[in-house]
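Q: What follows is a predicted structure for the sequence shown.
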Amino acid sequence: MSDVVEKTLTALPSLLSLDSQPGSAKLSSTSKLGNLIRGITELTSKHEEEKLIQRELASIKEQVSSPNTSMRQMKELMVRAIYCESLGYEASFSYIHAIKLAQQGTVLEKRVGYLAVSLFLNESHELLLLLVNTVLKDLQSTNLIEVCMALTVVSQMFPKDMIPAILPLVEEKLNHPKEIIRRKAVLALYKFYLIAPNQVQHIHNKFRKALCDKDPGVMTASLHIYLQMIQENPEGYKDLTASFVTILKQVVGGKLPMDFNYHSVPAPWLQIQLLRILSLLGKNDQSTSEIMYEVLDESLRRAEMNHNITYAILYECVKCIYTIHPKSDLLEKAAKCIGNFVLSPKINLKYLGLKALTYVVQQDPKLALQHQMTIIECLDHPDLIIKRETLELLFRITNAQNVTVIVEKMLEFLHSNTDDYTTIDLVGKVAELAEKYAPGNEWFIETMNTVFSVGGDMMQPDIPNSFLKLLSEGFDTVEEDRKLRLFAVDSYVSLLQGEPGKLPQRFLQVISWVLGEYSHLREELEPATVMRLLAKLLDMKQTSSETKSWVLLAMTKLVRAGQVFQSAQEVSETYGSSMDTVLRQRAQELQHLSQDCELRARVLPQDAGLEPLEVDSSLSFLDGFVSEALAAGAAPYKPPHQRQEELAQAKALSLEPYGLSLPISMSSCSIADRQSPTLLSMSSGLSGDSTDLSHKGSSTTLKLDGVKRVWGREGYLAQREAVEEAAQVEVPSPLRSPSQQAEADSSHSQTPTPTPTPEPDQEKQQLASSLFFGLSSQSSVCLMGKSEPTPQRFRRKAKGQASSSGAAEQISNSLVSAPSAVDNFLCNNLLDSNITSQVGISSSEQTSELSQGPATTNGTCDTEAESTDGDIKGSNPSLIIGDNGLVAADPTPHKDPGSPKDFCLSSHLPAELSELCRSEITPLCSNQSLGLSACHVHKEDSLVLVVFITNSSDAAIRQILLDLDSEQLQVSCVSDSPVEDVTSHSVAMHQFSLTVKRPSVHVEVVGMVSYQLPVGTPQEVQFSYKLPLTSFIRPLTVSTEEYGTMWLSFSHDTKQNLTLISDGEEPLTATLNVLKEKLQLHIVEIIGMEGIIACQLLRDQPCLMHCRVHADVLAVWLRSPVPDLPDCLIYHCQRALQEH
Amino acid sequence: MIKAILIFNNHGKPRLIRFYQYFAEDMQQQIIRETFHLVSKRDDNVCNFLEGGSLIGGSDYKLIYRHYATLYFVFCVDSSESELGILDLIQVFVETLDKCFENVCELDLIFHMDKVHYILQEVVMGGMVLETNMNEIVAQVEVQNRMEKSESLVGSVAKNGHVTFPT
């Protein structure tokens, strides 16, 4: 078939040149589009094309706006406009006409109109509002084609807030007699689910109906939705496993009509989809996995025909088998399957084979051993993609023994690579490996040198940061640290003596920092020499000003020695008048610190990398200045986001009647907010690097979800023992000679080893033995359940990973971004002297910021906020007592307090928390020595996450570090000195206070605990903890008047209809009471058929709710100053009412 | 999900552009250029998958393409799609085009860009695979074609008359 297509497509050039040929007659009609296209193909330059298109667009524009143009002509014009747009020329004048065509044309014209609309516009385009009515009309049409078109356009792009308008009609289409309509409706609903999940929540059972549809096509479409929903919440759909298995069984068994066959494979795409769903369901769940073993086996067996698409099914099958709870004979078959992929001469299959290997290799390193020769060959494959995939695989199997060979291979690839994306990715991986497994100082520094020079300025900023952090924190012993630093200094001095002009800026920054900090370690090295080298950098044209400021800072540190005073003065004079304020600041520092030894010793203490500098991040020393300014009539400072919000509010058309006055939003002008902009303005570009430290490794770390969990626990391994033992024979011992090893390997795996000429073969085998060294021993370690932690050479000292984020920030400030620390310090101490050019700038900035807000003074504003807090406490004491009553009302109450473990752990709760309402204590993760559980406690003004660490081993566990992080939450450690050691069979407890940064329906905290057993290497365990947003909701007590003014000032809103509850009581009151109980809302007032409710999200993020009974439903309108909060809250309201 | 479907010829001239995720116009052109640049320098005997474009979605994004004589068919997808599945979907799409245009060639795609879009709409809807069965797709397209023919008949009798179809 493809041959035919190819043949016809090859015939094209001749067609283009000979218009008179019969074949082209049907194509190039005398239409204007034809003329345009012919015109374009005749052109030779881009410039001419541009001219022609502009002319064309002008003529289209003229014609579309002429009133005499008929719809039929319009249709033709629109196609021409589409053509121009696809070439990249904007035809925005035609958008409105496209909509018109969709509104007014006949079916065919409508079709063009809809097509143009869906190609031209996006969801947020304002013109789309004009289309809503047309879509509504067409959805109700009796003409199937019109309905289809409407559904298509709806799924292509539809404004989120308009979904409620058409939702009922689309829902109705689920019952349409024609299956094509049902199918499109299902997909449209899926699209709605993706953009606004809470809007379609009520139709989940209709999705189930679609899944059971008699037409397999509709059922297939519904799988899209299920795949998505199961991905988000696998627990909720376990009951469907049996149905999915039955469907797959029927498909595999050929029960579907022949129509669904593709190259005589029954419904392959459907099979792929089902296998993906099954692997999500069976992950970490033995009983669910057991249901699917049989059908997986069947799929593997059936998919043996030699067509592309059967391999697609096989690949999914293999991935599924390795994801779910393991079963030995299936694993064996899957491993064989992977072998077929890897050894296949078809390059696509090889690629997928490598991908599959990468996926499974952590659980089953012997599989990589089996295919080591193929992997070696792939390393030299002409296709870069294959090469890269191979390196990815090698990256996963790296250990301390083979790291040098693997890193060498990666660097080799990097040198020949031209693609930026790959470079960034690989450089990150090399840096990670080097940090983890470096065999020696020399190697480490040299590898990092290559990383910096190849990665250049593209690489992730956290690589140089963590490198510097590592250098300054040190790891093993003092002596080792010294050696490493010395070696770095030596290496950099020689680099600078070479051709520093070729080095990337980032690298130069690293070099100058290291030289500034550690060059004194090399005693025979004259500071003057270093000074000269650094000065050379300053003189180079290509050195960026950011680098220059790093250099200046390094010089400031060097002046210590005293001899280089003269050159320091020269440099500071040159840059003291620089146009760049940051540079000028550095030059000033250099000048003053080189004169004042005492101050320098305090600001830049030598070798003090580890002691955090005391940084007054709240800038309290400026308070006097601020209050003076305020007293003099300056307006209080507002954070930028608030200013922007107000600006936006001022600009937007207000559709509401004017309120009396806008209340200041609750989180407004507390003093703490001032810190960020001031800091930023002073430490500009440099501190930017250091702040990035906090999201270190977000892209460079491995994605190991699930992989470890399935295999890391002993329970699973015990079952596998038998297989492994048998397999043990196959695993060649690393002690055998390479050739023996390969022989043994090929004879066991019974795969045809390629037989190239003997000599390169020898070479490759040698490479293989070095690449895969240590793997086999690792696999036996795996048997004993310790597969995860491999000893890290450059393990950070415990101190560097302080669990409290605040402390970590402080440390990173002091270490890497010494410049910003200096800034703070300078401000603190030098404010009185006359050299504060920068400070002057920033404070004037501040005053200008201060003058923008309304004329309330900062102080009063703050106390107001406090006093309302006090009011809440004082006026409503019942609330606090209500907390006890909450235990029952809490969305996730601990129903079974009698369960022994829960009880046992809960006794460890501190007295002030044990009284409060809390969630059930859930286990997070455990292994033979240590178990983690957690619960959250609802305090009145905060949510406390309590993590229990149970030591179940017979020995004490030391150096426990708990590190939590979350995308949506702000996590801060409550206890001052977190417990680091836990004695045998006892429990330690950590408390974290959580507040919401960004509302989301469910929020998750991910964490890692690292610890040290008396024997063996340090270990790490990862875990996550999910909690609903409702835990952060607290009642907000306001009066109706306050509610009124607040309502008008909030900008984010959402509307939705909820079902009413009527158990005897008056429906509105009953429903609101349910919401009040379940979600902790405050009912402000109920007037007739309307009710108003208020609540707040911790901390101080209000959300207001207005409800009105309308026919049988409750129309709810939510408003809040916080984006997404209304959407999330309405979701929980729906849930609460459903659960009732 | 499928993020975009791009068809361009050996010189990088776009023949059909369909984005399922919003990108500004100039960004779209940049994506087309980058994609062409990535795809065109690959031999015919290497694999049909490409990773590492930084423009759409970063690391979760993959190009799956097929090269037919003068045309490249490129599907940009995220990790939720099966690589080989999409590869065969491209084949289904091209075979369908071949059936609808009776020996399809690049010129068909140029002069009947709108028709190609309609055919594509029956295969992929809003980024989701709607139909993979060629006969079914062709049937849907034919229903529309019949409407077109009869409309031009009706159109000559009564202009702009509304035609309802027997279903």
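A: On my side now, so go ahead. Residues are numbered from 1 along each chain as shown, chains lettered A, B, ... in the order given.

Q: How many neighbouring residues does the nearest residue to residue A:646 once chain neighbours are set aside have?
A: Distance criterion Cβ to Cβ, 6 or more residues apart in numbering or on different chains; nearest residue to residue A:646, sequence neighbours excluded, is residue A:638 at 7.8 Å. (C-beta placed from N, C-alpha, C; glycine too.) By the measure other Cβ atoms under 10 Å in any protein chain shown, the count of residues near residue A:638 is 23.

Q: Repeat that for residue B:24.
A: 9.

Q: Equivalent analysis for residue A:185, please.
A: 27.

Q: Pretty sure it sits against residue A:175.
A: No - between residue A:185 and residue A:175 there is no contact under Cβ atoms under 8 Å: 9.1 Å.

Q: picking that back up, mind checking how far the residue nearest to residue A:646 is from residue A:645?
A: 9 Å (Cβ to Cβ, to the nearest Å).

Q: Against which helices or strands is the longest helix along chain B packed?
A: With DSSP state H setting the assignment, residue counts place helix B:134-157 as the longest helix in chain B. Here helix B:134-157 touches helix A:107-120, helix A:144-156, helix B:83-101, helix B:113-123, going by 3 or more Cβ pairs under 8 Å, 6 or more residues apart in numbering or on different chains; DSSP states H and E.

Q: I'd like the ones you listed as JSON lines, with mean pLDDT, distance to residue A:1054 and mean neighbour count appended.
A: Shown next, in JSON lines, are the helices and strands packed on helix B:134-157 (pLDDT from 0 to 100; distance: least, Cβ to Cβ, whole Å; neighbours: other Cβ atoms under 10 Å in any protein chain shown):
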{"stretch": "helix A:107-120", "mean pLDDT": "89", "distance to residue A:1054": "26", "mean neighbour count": "24"}
{"stretch": "helix A:144-156", "mean pLDDT": "90", "distance to residue A:1054": "20", "mean neighbour count": "24"}
{"stretch": "helix B:83-101", "mean pLDDT": "92", "distance to residue A:1054": "36", "mean neighbour count": "22"}
{"stretch": "helix B:113-123", "mean pLDDT": "91", "distance to residue A:1054": "31", "mean neighbour count": "21"}
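
Q: Out of those helices, which gets nearest to residue A:314?
A: Closest of these to residue A:314 is helix B:83-101, at 9.2 Å (criterion: Cβ to Cβ).

Q: hmm, that closest one touching chain A?
A: Yes - using Cβ under 8 Å from any Cβ of the partner chain, helix B:83-101 reaches chain A at B:83, B:84, B:85, B:87, B:88, B:89, B:91, B:92, B:94, B:95, B:98.

Q: before we move on, back to that, right, and the secondary structure at the residue nearest to residue A:646 would be what?
A: coil (DSSP: H, G, I helix; E, B strand; the rest coil).

Q: Could you report the distance from it to chain B?
A: Residue A:638 is 32 Å from chain B, where distance means Cβ to the nearest Cβ, to the nearest Å.

Q: what helix or strand is the residue lying closest to residue A:533 once chain neighbours are set aside on?
A: Once flanking residues are discounted, residue A:533 sits nearest to residue A:496: 4.3 Å by Cβ to Cβ, 6+ apart. In this structure, residue A:496 is located in helix A:478-497 according to DSSP states H and E.

Q: mean confidence for that helix?
A: Per-region confidence: helix A:478-497 scores 85 on mean pLDDT.

Q: buried stuff in stretch A:120-139?
A: Under the neighbour-count criterion of 16 or more other Cβ atoms under 10 Å in any protein chain shown, stretch A:120-139 has A:120, A:121, A:128, A:131, A:134, A:135, A:138, A:139 buried.

Q: oh, I was asking about stretch A:379-391
A: Result for stretch A:379-391 [16+ other Cβ under 10 Å]: buried residues A:379, A:381, A:383, A:384, A:385, A:386, A:387, A:388, A:389, A:390, A:391.

Q: Now do the fourth one against residue A:284, distance only.
A: So the one you mean is residue A:384. Per Cβ to Cβ, residue A:384 is found 36 Å from residue A:284.

Q: Could you list the low-pLDDT ranges of the chain?
A: I'll assume chain A. A:1-31, A:304-305, A:475-476, A:560-563, A:606-617, A:648-761, A:773-904, A:975-979, A:1064 (pLDDT under 70).

Q: My question was about chain B, not that one.
A: Judged by pLDDT under 70, the stretches of chain B that qualify are B:52-59, B:151-167.

Q: Could you rerun that using 50?
A: B:155-167 (pLDDT under 50).

Q: just to revisit the earlier point, for residue A:262, which of the helices and strands packed on helix B:134-157 is the nearest?
A: helix B:83-101 (7.2 Å).

Q: Just the angle for that closest one relative to helix B:113-123, thanks.
A: 130 degrees (axes from the mean of the first three to the mean of the last three Cα atoms, to 10 degrees).

Q: For the residue lying closest to residue A:348 once chain neighbours are set aside, which residues are in contact?
A: Leaving aside its sequence neighbours, residue A:348 sits nearest to residue B:47 (Cβ to Cβ, 6+ apart; 4.9 Å). Applying Cβ atoms under 8 Å, 6 or more residues apart in numbering or on different chains to residue B:47 gives the contacts A:347, A:348, A:350, A:351, A:383, A:385, A:386.

Q: How far does stretch A:1087-1106 stretch from one end to the other?
A: 11 Å (Cα to Cα, to the nearest Å).

Q: Return the set of buried residues in that stretch.
A: For stretch A:1087-1106, using 16+ other Cβ under 10 Å, the buried residues are A:1091-1106.

Q: cool, and stretch A:458-473?
A: Those would be A:459-473, for stretch A:458-473 by 16+ other Cβ under 10 Å.

Q: Skipping adjacent residues, who's closest to residue A:484 in space?
A: residue A:441 (4.5 Å).

Q: Roughly how far does that neighbour sit from residue A:428?
A: Distance from residue A:441 to residue A:428, by Cβ to Cβ: 22 Å.

Q: can you give me the strands in the stretch 551-700 of chain A?
A: Using DSSP state E, counting those that start in this stretch, no strands are assigned anywhere in the stretch 551-700 of chain A.
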